[in-house]
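**Q** this is the structure alone, sequence omitted:
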């Protein structure tokens, strides 16, 4: 049992990456019951939904699990910027026959209500993305006894997290799918590959390092440990499991994709995130200088996504994926987790 | 001895990456004599200089070595495009007090003259960048008995090289310093990290894979083999060796750099290449839509570089580096090579 397995109280040093919108309790439960650390992404859930999902997990497993929150600062209102974005998308609304310009979407940051849930329901592990919450909230999370982890995309971010007293740091290489966890770094042009990032962070901090980005078979799991990681976080490889909740359109895109089909794009939410290139990333980005600040770009994109999906198109769907989508397998998540576990140290 | 070591006739599966402008025979000789495969970059050398360097290598070592060529197609003249670029750089010429707008620079592609040198001097290994030369030239190279290798930045590029009958393929991850070897791929937004690329290419082709990008210590060497490579190509880690010919300014920048200080930029030559960010990449790029096609962007940048360097500034110097500059050590290249060799299979 590695030091990280014992830190989290799990059998295998394998963390299922929280993937907001793509999964709920069901995937987490399957991973937990196979000896990995299952994760519940909370960024798109209401407090009541979070409570219900935690109760579902606890009904189905006695194993530790991870509750994941985004902890961005909500942006100041920018009516001009949002109007510019709404205007930019007008031709698509015309094409799709959409009347309303926005649908309220986006992600909620970790706040007082989230903190009260953590205090009441005491998840064994809490992970954050985009840094850490305000110190008074972080202290309250720590006092529950939860292990706290967060993502770093550079040695500087890792050192900052280490100084705030996290228990472990996720080294999120540029290969990783979904949102970049950047919070000190601001420029995606400088973002570093998994292969360079794991040893850089392992050398920069004392706490254990969890590798993320491009992991999903025996070779990549072992390579991550060789590079200095104590555990691996795996996301994209779980997306074709029956426990994943992604749509048939998303599934089809993922099955067709290879590593060269993904880009870092901010057009869906306002923050850079890796997904399979589609019409939205090609025509509006992949990086748009006029996309409103995270998460407000979402609001004007959501009507397009909803209508296009209803018409059978993923043109405006965020198809989050890392650079190794071919590691995704249509097999139960427990089976994948056990395969990953067998690979550790092989 | 790995299959790749025996293919090249060297003791260790370690290739010193050819780095045009940064090194000549001296570095290659030191690596060869330590049991690795030293490389001589020819892109910035005249035919006479290539001959002289090969003679220098042969005087100092009996070991196999690698001769490296760029094999881009020279771009069509674009007087308007070059005039736009020259005009864009006018404020810098004014600031630096430079009269002439261009200095002829750039890199020469592999051509009839290069081919005659290969036929006459029969280097044991020939490596190409940006694909492969025209079939009639490639056939002549193969008939000399040279082992032929080239770089791929995607599985598609690797399959193409495999079909042309190369002996091994360099998987050049996005971490790598210097020019991206892209020749099928056109978009740097889709370029893949070393961690995802090695297994993708290893699964796509039958020939051995040489890993490149972010390699330079025992962990990264072993991880590359774990991911499916049969050899490693190491560049940046050799740049602080006494045998490297980089300037004191470049050395100083490299010693200060960490992995987050590099960007992919086309402002120096017209093709994307990874180097340490400086004034030129920040103010003109890192990617400029008006930089003339490779290698013609060089001509108008060269006067700025020459004058700035004379004034003690690396503002306009291409400071090629991969994303792990901290692996560079001020030690003889033979010592580094022996350290790398000890790491293999450890």
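**A** All right, it came through fine. Note that the coordinates shown come from a computational prediction; the quantities given were computed from them, not determined experimentally.
**Q** I'd like the distance between the closest residue to chain B within chain A and residue B:327.
**A** Nearest residue of chain A to chain B, counting by Cβ to the nearest Cβ: residue A:193, 3.3 Å away. C-beta: built from backbone N, CA, C; applies to glycine. Applying Cβ to Cβ, to the nearest Å, the value for residue A:193 to residue B:327 is 14 Å.
**Q** neighbour-wise, which of these two wins?
**A** Using other Cβ atoms under 10 Å in any protein chain shown, the more surrounded residue of residue A:193 and residue B:327 is residue A:193, with 30 against 22.
**Q** residues near the nearest residue to residue A:30 once chain neighbours are set aside, how many?
**A** Leaving aside its chain neighbours, residue A:30 sits nearest to residue A:333 (3.8 Å; criterion: Cβ to Cβ, 6 or more residues apart in numbering or on different chains). A count of nearby residues for residue A:333, using other Cβ under 10 Å, gives 28.
**Q** so what's residue A:333 up against?
**A** Residues near residue A:333 by Cβ atoms under 8 Å, 6 or more residues apart in numbering or on different chains: A:16, A:27, A:30-31, A:34, A:238, A:241-244.
**Q** phi and psi next, for it.
**A** As for residue A:333, its main-chain torsions (degrees, to the nearest 10) stand at phi -60, psi -30.
**Q** find me the pLDDT at the closest residue to residue A:235 other than its chain neighbours, would you?
**A** Once flanking residues are discounted, residue A:235 sits nearest to residue A:17: 3.2 Å by Cβ to Cβ, 6+ apart. Looking at residue A:17, its pLDDT stands at 98.
**Q** hmm, residue A:17 is touching residue A:212, no?
**A** Yes: if you go by Cβ atoms under 8 Å, residue A:17 and residue A:212 touch, sitting 6.5 Å apart.
**Q** what is in contact with those two at once?
**A** Common neighbours of residue A:17 and residue A:212 (Cβ under 8 Å, 6+ apart) are A:233-235.
**Q** tell me which of those residues fall in strands.
**A** Of these, the ones assigned to strands by DSSP state E are A:233-234.
**Q** between the shared contacts of residue A:17 and residue A:212, which is nearest residue B:177?
**A** residue A:233 (27.8 Å; Cβ to Cβ).
**Q** and the closest one, what does it touch?
**A** Residues near residue A:233 by Cβ under 8 Å, 6+ apart: A:15-17, A:170, A:210-212, A:215.
**Q** distance between stretch A:270-284 and the chain's centre?
**A** Stretch A:270-284 sits 16 Å away from the centroid of its parent chain (Cα atoms, centre = their mean, to the nearest Å).
**Q** so which bits of that stretch are buried?
**A** A:270-278, A:280-281, A:284 (16 or more other Cβ atoms under 10 Å in any protein chain shown).
**Q** what mean pLDDT would you report for that stretch?
**A** 98.
**Q** straight-line length of it, end to end?
**A** Counting by Cα to Cα, to the nearest Å, you get 12 Å between the two ends of stretch A:270-284.
**Q** stretch A:57-71 too?
**A** End-to-end span of stretch A:57-71 (Cα to Cα): 23 Å.
**Q** again with stretch A:89-103
**A** One end of stretch A:89-103 to the other measures 13 Å (Cα to Cα).
**Q** quick check: bridge partners of residue A:211?
**A** On the basis of DSSP bridges, residue A:211 is bridged to residue A:171, residue A:232.
**Q** I'd assumed residue A:232 was in contact with it.
**A** Yes: with contacts counted by Cβ under 8 Å, residue A:211 reaches residue A:232, the gap being 5.1 Å.
**Q** joint contacts of the two?
**A** A:224-225.
**Q** looking at the two, which is more packed in?
**A** residue A:211 (33 against 29).
**Q** mind checking how far residue A:227 is from residue B:225?
**A** In terms of Cβ to Cβ, residue A:227 sits 12 Å off from residue B:225.
**Q** so between these two, which is more surrounded?
**A** For residue A:227 versus residue B:225, neighbours defined as other Cβ under 10 Å are more numerous around residue A:227 (30 against 21).
**Q** and residue A:219, what pLDDT?
**A** Residue A:219 carries a pLDDT value of 98.
**Q** show me the contacts for it.
**A** Counting by Cβ under 8 Å, 6+ apart, residue A:219 makes contact with B:199, B:226-228.
**Q** and it, what element?
**A** Element membership for residue A:219, per DSSP states H and E: helix A:218-226.
**Q** please apply the same query to residue A:49.
**A** Element membership of residue A:49, judged by DSSP H and E, is helix A:47-60.
**Q** helices or strands up against that helix?
**A** For helix A:47-60, the elements it packs on are helix A:25-33, strand A:38-41, strand A:65-70, helix A:112-121, judged by 3 or more Cβ pairs under 8 Å, 6 or more residues apart in numbering or on different chains; DSSP states H and E.
**Q** tabulate those (a markdown table), appending distance to residue B:344, mean pLDDT and mean neighbour count.
**A** Listed next are the helices and strands packed on helix A:47-60 as a markdown table, based on distance: least, Cβ to Cβ, whole Å; pLDDT from 0 to 100; neighbours: other Cβ atoms under 10 Å in any protein chain shown:
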| stretch | distance to residue B:344 | mean pLDDT | mean neighbour count |
| --- | --- | --- | --- |
| helix A:25-33 | 35 | 98 | 25 |
| strand A:38-41 | 37 | 98 | 27 |
| strand A:65-70 | 37 | 98 | 27 |
| helix A:112-121 | 47 | 97 | 16 |
